[in-house]
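Model the structure of this input:
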Amino acid sequence: MTLRIPRPSSRLLGRAYLLAVFLFLYLPTTCVVFYSFNASRLVTVWTGFSLHWYAALAADDEVLAAALASLEVGVAAAFAAVLVGTWAGFVLQRFRRFAGKTLFTGMINAPLVIPEVIQGLSLLLLFVALQQALGWPARGLFTVWIGHTMLCVSYVAITVQSRLAVLDASLFEAAEDLGATPVRVFFDITLPLISGALVAGWLLSFTISIDDVLMTAFLSGPDSTLLPIVVFSRARVGLNPEINALGTLFIAFVTTGVLLNNHLMLRRQRRLERQMPLAVL
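A predicted model of the protein is given here:
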C-alpha cells in the first residue's frame, strides 16, 4: 500500500477553497462590525473611526426597549425549548419502540420542514380564536414566546438526540445494575454528559428567537415591539448605523457564548481522557 503525498498545488487549492468558504460565511458579519465604528451616517461610506453610533444607540429608547423585550423573550424561549427539547430528544433516542412514535417524531420534526409563514399564520388564527372564545391570550410577548419555543424545540431535540446517539450505553446499564433508578441515571449520568449539547441548543434557540421576523410579526401585538420588527422597519426606510452597533453587540455576546462553550467542552473532554486510564486500572 502506497501513501499519496499531496501535491503543493492540491494544498494551495484546498486552502483557497477554505478561505473562500470562510469569506462567504463571515465577511457580511465582519462588514457589520467594521461599519459600526464608521463616523459617517452613510453606512457604506467610510469617513473615519468613531464610537458615535454606540452613544446614539444608548440614547435610542425605541431600540433599547425593543432589544430588552427581545432579550426577555429569547432567554425565556431558549430555556423552554431546552426543557422540552431535551426530553423529546431523550425519548426519541432511548425508547426505540412505543405506541405513536411515528406521530411523535413527525410532530417534533414538523417545525423544521413546515414554512415558518404557515406556522405563524396557524398560531395567529389559533390565538385569535382563543381570544374570541375565552378572552385570552392577547397578542404580545407571551404569544411570541410560545411561537419561538415551538420553533426552537425541534433544533434542541435533534442536538440532544445526536449527542445521545454517540454515548456508550454501557454507562447507563452499569448504573442501573448498581441499583440506580432511571430518574437518577438521567440526572447523575446522562445530564452531565449532554451538558454541552444543552448549552449549544440554548445558544441556537436564543439566536433563532432574536433573529426571527416572521413569527414575531404574526404574533406580536401593538404594545409589544420587538427588535427584529424595529430592525426590519428601519432597514426598509434606509440603512441605520445604530443597527450596525447593536448587531455588533449581539455578535460579541453570541460569539463569546459559543467560544466559552467550546472551551468548557474541550476541557471536559481532556479531563475525561485523563481519567479513563485510571478507571481501567
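
From here on, just use CA atoms for contacts and neighbour counts.
Fine.

surely Ser36 meets Pro241?
Yes: the pair Ser36 and Pro241 passes the contact test of Cα atoms under 8 Å, sitting 6.2 Å apart.

anything in contact with each of these two?
Trp53 (Cα atoms under 8 Å, 6 or more residues apart in numbering).

Now do the contacts for Val145.
Not quite, residue 145 is Trp, not Val. Taking Cα under 8 Å, 6+ apart, we find Trp145 in contact with 73-74, 76-77.

Can you tell me which of those residues has the largest number of neighbours?
Neighbour tally across the contacts of Trp145 (other Cα atoms under 10 Å): the maximum, 28 neighbours, falls on Ala77.

what about it, distance to His148?
Distance, Ala77 to His148, using Cα to Cα, to the nearest Å: 6 Å.

Mind listing the shared neighbours of the two?
Joint contacts of Ala77 and His148 (Cα under 8 Å, 6+ apart) are Ser209.

tell me which element the closest residue in space to Val73 that isn't next to it in sequence is part of?
Distance criterion Cα to Cα, 6 or more residues apart in numbering; nearest residue to Val73, sequence neighbours excluded, is Trp145 at 5.6 Å. Using DSSP states H and E, Trp145 sits within helix 141-165.

ok, back up a step: report the separation between the residue nearest to Val73 and Cys152.
Distance from Trp145 to Cys152, by Cα to Cα: 11 Å.

so what sits against both of these two?
Taking Cα under 8 Å, 6+ apart as the contact rule, Trp145 and Cys152 both touch Ala77.

How many neighbouring residues does Ser220 have?
For Ser220, the neighbour count with other Cα under 10 Å is 21.

List the contacts of it.
Taking Cα under 8 Å, 6+ apart, one finds 139-141, 143-144, 226 in contact with Ser220.

State the distance from it to Gly135.
From Ser220 to Gly135 the distance is 16 Å (Cα to Cα).

With Val33 instead?
With distances taken as Cα to Cα, Val33 is found 45 Å from Gly135.

now do Asp60
Separation of Asp60 from Gly135 (Cα to Cα) stands at 34 Å.

What is the end-to-end distance of stretch 213-230?
10 Å.

Going by neighbour count, list what's buried in that stretch.
213-221, 224-230 (16 or more other Cα atoms under 10 Å).

Cross-reference those with the strands and report the matches.
Residues of these located in strands (DSSP state E): none.

and Phe127, what element?
Per DSSP H and E: helix 116-134 holds Phe127.

what angle do that helix and helix 141-165 make?
Orientation of helix 116-134 against helix 141-165 (axes from the mean of the first three to the mean of the last three Cα atoms, to 10 degrees) gives an angle of 130 degrees.

mean confidence score for helix 116-134?
Averaging pLDDT along helix 116-134 gives 90.

Just give me how far it sits from the chain centre.
Relative to the chain's own centre, helix 116-134 is displaced by 24 Å; criterion: Cα atoms, centre = their mean, to the nearest Å.

Name the surrounding residues that touch it.
111, 136-139, 143, 147, 214-215, 218-219.

how about it: buried residues?
Judged by neighbour count (16+ other Cα under 10 Å), helix 116-134 contains these buried residues: 116, 119-121, 123-124, 127-128.
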